[in-house]
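S.K.: Here's a sequence, model it:
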Amino acid sequence: MRTTRTHGVFLFGTEAQLVTVEARFEQAEKERTEVVFSGLPDTVIRESRSRLTAALDANRLGLRGGRLFLNLAPAGVKKSGEALDLALALAAAAAVGHFPARGLARTLFLGELGIDGTLHDVPGGLAAAEAAHRAGLTRIVAPPRTAREAALRPELAVYPARHLAEVVQFVAGGGGLEALPPENDDEGTGATGKRAQARLDAIRGQGVGKHALTVAAAGGHALLFLGPPGSGKSLLARALPGLLPTPTWEERLELTRVHAASQRVQGGAVRERPFRAPHHTTSHAGLVGGGSPPMAGEITLAHQGVLFLDELGEFRRSALEALRQPLEEGRVHIARAARHVEFPAAFQLVAAMNPCPCGYRGHPTVTCPCSPPEIRRYRRRISGPLLDRIDLRLELAVPHVHELARAPSEAERACVLVPRILRARARAAQRWPEGSNARLGSDELDRFVPLTGALQRFVERAAERHALSARAVQSLRRVARTLADLEDESDVHERHLTEALALRSGWDEHVLRAG
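M.R.: Purely as a prediction, here's the structure:
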């Protein structure tokens, strides 16, 4: 008897965890081979015994009758998924003696196995490559689309394979597989595509809304639009991705790892920032993440992109409250009895809601029947702590017919706004490379937006008049910093704070009217 070892992975959250697959075969006078699993495999892995034996038999790698022991190390961690099929089959075939085990060394094998030996793609190729590199492995063998994704990490040699027979020939020293060339950063940096920008140019009127989008894009600020139906809230929100810069190469790799591990894409790097718009009936786990095993929610799928919550007041209160930590920290923690998992969630929030239950408060032609108590109850669906984390809150009016008939002014066009936004973001990155203005902490605000003299007196008056919390004051300073960046100003002036206050007053004005 001999023990052979090779390597596979399983996914937990958006990360891949390395597994050492150990195989030992005991010859016995039996017609059928007994396959014994250990190492906390889940149901999918346990069911793979029939796929393994069928695939091995179909490729003249039969187990010859006896007992096959398959162990997954580390033994104390529960493993899941079909990505371990190929590693299990190769370890078993080498343990029986069909080829030397030395061909399995320093190599990660992943892929789902069909009963005839065909290899099927599995999610998480990039995450698997990162885990293999950390462990000091040098090669990966995987199905074609999974291999293309793994090849995004240039540190490893990645070999695509379509069939078990090709892999056996390769590990036995017979060649047959060719390594993929690593994918290079062919996108560069700059503005988003013209198609995305065209969404903004198609919107007529709403110059104030476009300005708020510009500020949000330049500083990464969360944004809430209030207004009756037909005011353009959804159109404006969907135009925001067209104002954002294309993701950098490192951001593309991170996006690919997150989405591929969530079974959203396979093969090649993600090229665009995500835009997610979940329905208001989405569950808490669907929005934030959860389940068993834990899966990414919409806020993780919107990582490095935009999360649009239309009809904000209709979402479940518990789901909305769970957004508070991710909005500040850019990640979400999911706790389970045995393990904890952390998902990235550095999304930019854009939300829209009606000003009242019927939706028509402030409409120029439709009368609103809602009473002040009804409006207050409707507004209380959004808690103060969550509202404080939304830097920009703007009231939109229904555009007049003459606004809809005229083309956007030159200053409102994406070809003018995008360069302004890119310059503002470049200035902010020079000053603080760790993040956008929306993520400036107290220490950074004291350095970049110091409150002295007239600025301090203005903030004190605003805090008293509008009942601003400490978090709201910090939010005001962050937006003022972005407004100064858009004007290529090194220092924040009182006019920037004045405009920042105006860009968060929509909700307050509604509350005053409702009262």
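
S.K.: Now stretch 103-114: average pLDDT?
M.R.: Averaged over stretch 103-114, pLDDT sits at 95.

S.K.: Between the two ends of it, what distance do you get?
M.R.: 22 Å (CA to CA, to the nearest Å).

S.K.: quick one: buried residues of it?
M.R.: For stretch 103-114, the neighbour count (16 or more other CB atoms under 10 Å) marks 103, 104, 107, 108, 109, 110, 111, 112, 113, 114 as buried. (C-beta placed from N, C-alpha, C; glycine too.)

S.K.: and what of stretch 251-263?
M.R.: Within stretch 251-263, the residues that count as buried by 16+ other CB under 10 Å are 251, 252, 253, 254, 255, 256, 257, 258, 259, 260, 261, 262.

S.K.: I'd say residue 417 and residue 215 touch.
M.R.: No: counting by CB atoms under 8 Å, residue 417 sits too far from residue 215 to count as a contact (10.5 Å).

S.K.: that's a strand at residue 4, yeah?
M.R.: Yes: according to DSSP: H, G, I helix; E, B strand; the rest coil, residue 4 belongs to a strand.

S.K.: Show me the beta-bridge partners of it.
M.R.: Residue 4 forms beta bridges with residue 23, as assigned by DSSP bridges.

S.K.: Start the count at 185 instead of 1 going forward.
M.R.: Sure, I'll start counting at 185 from here, so that last one is residue 188.

S.K.: and the spatially most central residue of the chain, what does it touch?
M.R.: By CA atoms, centre = their mean, the chain has its centre lying nearest to residue 487, at 2.9 Å. For residue 487, the contacting residues are 438, 439, 442, 458, 528, 529, 530, 531, by CB atoms under 8 Å, 6 or more residues apart in numbering.

S.K.: how is this protein carved up into domains?
M.R.: Domain segmentation of the chain under automatic domain parsing yields 187-358, 378-618.

S.K.: Which of the ones you listed comes out lowest on mean pLDDT?
M.R.: domain 378-618 (a mean of 87).

S.K.: chain center to that domain: distance?
M.R.: Remark: domain 378-618 is offset 13 Å from the chain centroid, using CA atoms, centre = their mean, to the nearest Å.

S.K.: How about stretch 202-212?
M.R.: Per CA atoms, centre = their mean, the centroid offset for stretch 202-212 relative to its chain is 37 Å.

S.K.: do the same with stretch 200-212
M.R.: Centre to centre, stretch against its chain (CA atoms, centre = their mean), the figure for stretch 200-212 is 34 Å.

S.K.: Distance to residue 676 added to the domains of the chain, as a markdown table?
M.R.: Shown next, in a markdown table, are the domains of the chain (distance: least, CB to CB, whole Å):
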| stretch | distance to residue 676 |
| --- | --- |
| domain 187-358 | 37 |
| domain 378-618 | 12 |
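
S.K.: among the ones you listed, which is nearest residue 644?
M.R.: Among the domains of the chain, the nearest to residue 644 by CB to CB is domain 378-618 (18.1 Å).

S.K.: rewinding a little: tell me which element the residue nearest to the centre of the chain falls in.
M.R.: For residue 487, there is no enclosing helix or strand under DSSP states H and E.

S.K.: Nearest spatial neighbour of it, chain-adjacent residues omitted?
M.R.: Nearest residue to residue 487, sequence neighbours excluded (CB to CB, 6 or more residues apart in numbering): residue 528, at 4.8 Å.

S.K.: Thought residue 510 was touching the one you found, still the case?
M.R.: No: assessed by CB under 8 Å, residue 528 is found out of contact with residue 510, at 9.2 Å.

S.K.: Among the two, which residue is more densely surrounded?
M.R.: Set residue 528 next to residue 510 and count neighbours by other CB atoms under 10 Å: residue 510 wins out with 26 against 20.

S.K.: Now do the contacts for that one.
M.R.: With contact taken as CB under 8 Å, 6+ apart, residue 510 is in contact with 472, 483, 516, 529, 531.

S.K.: Make sure residue 408 is indeed in a strand.
M.R.: Yes: applying three-state DSSP, one finds residue 408 inside a strand.

S.K.: So it is in contact with residue 575, correct?
M.R.: No: in this structure, residue 408 is not within contact of residue 575 by CB under 8 Å, at 9.2 Å.

S.K.: got any residues that touch both of those two?
M.R.: Contact criterion CB under 8 Å, 6+ apart; no residue bridges residue 408 and residue 575 by contacting each.

S.K.: Am I right that residue 526 is in a strand?
M.R.: Yes: Residue 526 forms part of a strand when assessed by three-state DSSP.

S.K.: Would you mind measuring from it to residue 458?
M.R.: 19 Å (CB to CB, to the nearest Å).

S.K.: What of residue 313?
M.R.: On the measure of CB to CB, residue 313 and residue 458 end up 21 Å apart.

S.K.: ok, back up a step: the contacts of residue 510 in helices, which ones?
M.R.: Using DSSP state H, the members of these that fall within helices are 472, 483.

S.K.: Could you pull out the strands in the stretch 485-634 of the chain for me?
M.R.: 490-494, 515-519, 524-528, 532-537, 576-579 (DSSP state E, counting those that start in this stretch).

S.K.: Any idea which of the ones you listed gets closest to residue 620?
M.R.: With CB to CB, the closest approach to residue 620 among the strands of the stretch 485-634 of the chain belongs to strand 532-537: 8.6 Å.

S.K.: Which strands or helices does that closest one pack on?
M.R.: Packing contacts for strand 532-537, counted by 3 or more CB pairs under 8 Å, 6 or more residues apart in numbering; DSSP states H and E, involve strand 407-410, helix 417-423, strand 490-494.

S.K.: would you turn these into CSV with mean neighbour count and distance to residue 234?
M.R.: As requested, those are exported to CSV (neighbours: other CB atoms under 10 Å; distance: least, CB to CB, whole Å):
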stretch, mean neighbour count, distance to residue 234
strand 407-410, 26, 53
helix 417-423, 22, 48
strand 490-494, 24, 42
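
S.K.: Dump those to JSON lines, plus distance to residue 612.
M.R.: Converted to JSON lines, the helices and strands packed on strand 532-537 look like this (distance: least, CB to CB, whole Å):
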{"stretch": "strand 407-410", "distance to residue 612": "17"}
{"stretch": "helix 417-423", "distance to residue 612": "21"}
{"stretch": "strand 490-494", "distance to residue 612": "18"}
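
S.K.: Ok, which of these comes nearest residue 558?
M.R.: Taking the helices and strands packed on strand 532-537 one by one with CB to CB, strand 407-410 is closest: 15.8 Å.
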